[in-house]
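Colleague: just to be clear, the model below is a prediction. Sequence and coordinates:
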Amino acid sequence: MTDIHTLHILNKTPEHPRSKACRDALRPGDALLLIESAVLALAAQSGPESDVPVYALASDIVARGLGQCAREASLVDFPAMVDLTTRAQNVISW
Amino acid sequence: MTDIHTLHILNKTPEHPRSKACRDALRPGDALLLIESAVLALAAQSGPESDVPVYALASDIVARGLGQCAREASLVDFPAMVDLTTRAQNVISW
Amino acid sequence: MAANPIHSYTLVITGAPYSTQAPQTALSFARAAIAAGHTVDRVFLYGDGVHLASSLCAPPSDETHWPTEWSIFLTDNGIPGVACIASALRRGLVNESERKRYELSASNLLKPFIIAGLGEWVEGNMASSRTLYFHAGG
Amino acid sequence: MAANPIHSYTLVITGAPYSTQAPQTALSFARAAIAAGHTVDRVFLYGDGVHLASSLCAPPSDETHWPTEWSIFLTDNGIPGVACIASALRRGLVNESERKRYELSASNLLKPFIIAGLGEWVEGNMASSRTLYFHAGG
Amino acid sequence: MGTLMVIDQPPYGIWAGREALDMAFSLAAFDQPVSILFTGAGVNWLRTYQDTREINQKSVEKNLSAAPIFGVEAMYACARACTQYGLGPENMVDGVVLAENSSELIRQHSHTAFAG
Amino acid sequence: MGTLMVIDQPPYGIWAGREALDMAFSLAAFDQPVSILFTGAGVNWLRTYQDTREINQKSVEKNLSAAPIFGVEAMYACARACTQYGLGPENMVDGVVLAENSSELIRQHSHTAFAG
């Protein structure tokens, strides 16, 4: 059932040094979940082009007025976030 | 007596976004004082080449084992830091 | 969802309420995990996260009271909430026995939180199938 | 140094002890300012900085007790220490009158700190010749 | 030329930006000249259609719209940061002045302060 | 392959790196396999001749030297970050392994954790 190798949960803005480290760590088979301030990456020019599936917490997107920018990510609610953590072999909170 | 226009006090690592904003804000007549984590800039490759005088808190440098790297800055103690703030027309804590 | 195996979680919160979003994200996650039939073995507060266990927060009445929300959730679901003792003592969060030991004027640990060592985190790591961290953003 | 004009300072601390170096840098600065003949009009704690005014911190005995150090310094020099009321109430720092108003179990404000509004910061800005901020690093 | 409060922290994920707004409003309430500069991730405070109900925080969008009424002299947004975050007239709250050179703006104020 | 504690915060200016070390030592004390990766500004924890008396904090240099004795399996330092901060064999505490590829290291561990 663990079809995701590592689920990377990122909660920091694209400017934060740890965001870059997170992007560097993505590998085929992984997934990226943007929460809190990290959803701002969807509005940023240097958006999250990535070879892995990108998810983003809908509540954080709506709070920041980013509904229209969210095309590059699959929006998830908390039940779906829980589901993602069960599907991943490892979870890293950046 | 205010021979410094703006004294910029920086306490963040070179990776921190605010460090770059601080560097961008430096103008002739200003001075830069590195304290706390900002003294690590003296060890970094992309060191603080700058057109303005650079000062650094000696206690923070010694704590971080950076005694040998400190050639690019004038080391100051707290009395000298106080003196710098009196010589500046404006002080910005980044 | 029913086909999924049941998981057990240890949740670690290192961000303080009213400084970071960590406690609120963690609470929404914990509620969803329970609702999906999973278990939360324990919640471990570390670093600035220990402030979530303060009994003395008084936010404006139109803002969510995160310590109270967490307290109710933990109590209703019988989940242990543990504040790291080293983080807590440095940051001014004490229970009755620490109050006496350090001769302090009061205690301020919110029920049902308890104060214990990092061993609780290590044990959670081993016992739970997933350990999740909720850090300060920024 | 004697030729320098005398300055008055308002110091604003926004970083918490045992999370940031801000309170310790600010204290060394304040001591040096006083030693040089300047005055410190007041110290204003804002945001996470309010934790410096907790009476319940119990760091290990071989670590500096920053709230106590600050308390002694303020008292010895007759300097007002003010914690912002909005920051303090959210973060679980209350005096006796707030304890009563919000029906809390205890108060934890360290002497000689008082709790007051942002007006104290505004007034400091106007009255002092220099306002300095001590933020979280990182 | 008064105080420039600088907000470079993103909205809602951390509290420091909100507390910087409170500082600006407080200066204005005491009739002190104050402007606000949004820069870096902080420009995201200025986006329209913020709906914070599901994260259980108060939206600041209305506060920002009311800033001139409360006596805040100007709200500036770093033009480069707006470009970076895809903010333009169509999705930004009213009354914001784009600042092509934030450093120059800082230089024009006698006090510059961050909230954390 | 056990837990990898990642320390990317600078020493002494903020507490999170110190608290990450405590987490690593705690895992080791309970006989759990743990290694530490220093990266970004965190590599500066590894510099020799740290003298923290004047900032009134405890130095961690001795703790780090004792890490193998306490059961920490390995201490890695991101090679790129070491270059960036001018750290080499001549000014780094003993027993550190340079990691050319931090991401690969993360992949080799079953748990990766930050302290904050």
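Modeller: Sure thing, it's come through.

Colleague: so which residues on chain E come close to chain B?
Modeller: E:8, E:39-41, E:102-103, E:106-107, E:110-114 (Cβ under 8 Å from any Cβ of the partner chain). To be clear about C-beta, it is placed using only N, CA and C from the backbone, and glycine gets the same treatment.

Colleague: list the buried residues in stretch E:106-116.
Modeller: For stretch E:106-116, burial by neighbour count (16 or more other Cβ atoms under 10 Å in any protein chain shown) applies to E:I106, E:R107, E:H109, E:H111, E:T112, E:A113, E:F114, E:A115, E:G116.

Colleague: over to stretch C:79-98?
Modeller: Applying 16+ other Cβ under 10 Å to stretch C:79-98 flags C:79-95, C:98 as buried.

Colleague: do you know how far the residue of chain C found nearest chain F is from D:F44?
Modeller: Minimum separation of chain C from chain F (Cβ to the nearest Cβ) falls at C:L118, amounting to 3.8 Å. From C:L118 over to D:F44 the distance is 35 Å, taken as Cβ to Cβ, to the nearest Å.

Colleague: which residues of chain C lie near chain E?
Modeller: Within chain C, the positions lying close to chain E (Cβ under 8 Å from any Cβ) are C:Y18, C:S19, C:T20, C:Q21, C:Q24, C:D62, C:E63, C:T64, C:A136, C:G137, C:G138.

Colleague: who wins for neighbours among the residues you listed?
Modeller: Neighbour counts for those, by other Cβ atoms under 10 Å in any protein chain shown, peak at C:T20, which reaches 29 neighbours.

Colleague: E:D31: neighbouring residues, count only.
Modeller: Neighbours around E:D31, by other Cβ under 10 Å: 9.

Colleague: just give me the longest helix of chain E.
Modeller: When chain E is scanned for its longest helix (criterion: DSSP state H), the result is helix E:16-29.

Colleague: which helices and strands does the helix or strand following it pack with?
Modeller: Next along the chain after helix E:16-29, taking DSSP states H and E as the criterion, comes strand E:34-38. Contacts defined by 3 or more Cβ pairs under 8 Å, 6 or more residues apart in numbering or on different chains; DSSP states H and E place strand E:34-38 against strand E:3-7, helix E:16-29, strand E:74-78, helix E:102-108.

Colleague: which one of those lies nearest to F:A29?
Modeller: Comparing these by their distance to F:A29 (Cβ to Cβ), the top pick is helix E:16-29, with 35.8 Å.

Colleague: show the secondary-structure elements that the closest one is packed against.
Modeller: Looks like helix E:16-29 contacts helix D:119-127, strand E:3-7, strand E:34-38, helix E:61-65, helix E:67-70 (3+ Cβ pairs under 8 Å, 6+ apart).

Colleague: CSV for the ones you listed, including mean neighbour count and mean pLDDT?
Modeller: Output for those, formatted as CSV (neighbours: other Cβ atoms under 10 Å in any protein chain shown; pLDDT from 0 to 100):
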stretch, mean neighbour count, mean pLDDT
helix D:119-127, 18, 97
strand E:3-7, 26, 98
strand E:34-38, 26, 98
helix E:61-65, 16, 86
helix E:67-70, 15, 92
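
Colleague: mind exporting the C-alpha coordinates of the longest helix of chain E to CSV?
Modeller: Taking Å, rounded to 0.1, in the frame of the first residue of the first chain, the C-alpha atoms of helix E:16-29 are listed here in CSV:
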residue,chain,number,x,y,z
ALA,E,16,5.4,38.4,13.2
GLY,E,17,3.8,40.1,10.2
ARG,E,18,0.5,40.5,12.0
GLU,E,19,2.3,42.0,15.0
ALA,E,20,4.1,44.4,12.7
LEU,E,21,0.7,45.6,11.5
ASP,E,22,-0.3,46.2,15.1
MET,E,23,2.8,48.3,15.6
ALA,E,24,2.0,50.4,12.5
PHE,E,25,-1.6,50.9,13.6
SER,E,26,-0.5,51.8,17.1
LEU,E,27,1.9,54.5,15.8
ALA,E,28,-1.0,55.9,13.6
ALA,E,29,-3.3,55.9,16.6
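
Colleague: can you give me the buried ones in that helix?
Modeller: Those would be E:16-28, for helix E:16-29 by 16+ other Cβ under 10 Å.

Colleague: residue contacts, the residue nearest to E:F30 when sequence neighbours are not counted?
Modeller: Excluding the flanking residues, the one nearest E:F30 by Cβ to Cβ, 6 or more residues apart in numbering or on different chains is D:V122, at 4.6 Å. With contact taken as Cβ atoms under 8 Å, 6 or more residues apart in numbering or on different chains, D:V122 is in contact with E:S26, E:L27, E:F30, E:Q32.

Colleague: from F:A99, how far out is the third one?
Modeller: Taking Cβ to Cβ as the criterion, E:F30 is separated from F:A99 by 54 Å.

Colleague: so, low pLDDT: which residues of the chain?
Modeller: You didn't pick a chain, so chain A it is. Along chain A, the parts satisfying pLDDT under 70 run over A:1, A:46-49.

Colleague: chain C is the one I meant
Modeller: Scanning chain C for pLDDT under 70 picks out the ranges C:1-4.

Colleague: assign the residue of it found nearest chain B to helix, strand or coil.
Modeller: The nearest approach of chain C to chain B comes at C:G138, 9.8 Å away (Cβ to the nearest Cβ). With DSSP: H, G, I helix; E, B strand; the rest coil as the basis, C:G138 sits in coil.

Colleague: I figured it was touching A:H16, is that so?
Modeller: Yes: with contact defined as Cβ atoms under 8 Å, C:G138 reaches A:H16; the gap is 6.0 Å.

Colleague: joint contacts of the two?
Modeller: Contacts common to C:G138 and A:H16, judged by Cβ under 8 Å, 6+ apart, are A:S37.

Colleague: distance of the closest residue to E:I55 other than its chain neighbours from C:L11?
Modeller: Spatial nearest neighbour of E:I55, chain neighbours left out: A:A63 (4.7 Å); criterion: Cβ to Cβ, 6+ apart. Distance check for A:A63 against C:L11: by Cβ to Cβ, it reads 22 Å.

Colleague: do the same with E:I69
Modeller: 43 Å.

Colleague: try A:I9
Modeller: In terms of Cβ to Cβ, A:I9 sits 12 Å off from C:L11.

Colleague: just to revisit the earlier point, and of the buried residues of helix E:16-29, the nearest to E:N56?
Modeller: For the buried residues of helix E:16-29, the nearest to E:N56 is E:R18 (14.0 Å; Cβ to Cβ).

Colleague: that closest one and E:S59 touch, don't they?
Modeller: No: the pair E:R18 / E:S59 is not scored as a contact, 10.6 Å apart, by Cβ under 8 Å.

Colleague: who does the nearest residue to C:R130 once chain neighbours are set aside bridge with?
Modeller: With Cβ to Cβ, 6+ apart as the criterion, C:R130 has its nearest non-adjacent residue at 5.0 Å, and that residue is C:Y9. Assessed by DSSP bridges, C:Y9 has beta-bridge partners C:V40, C:R130.
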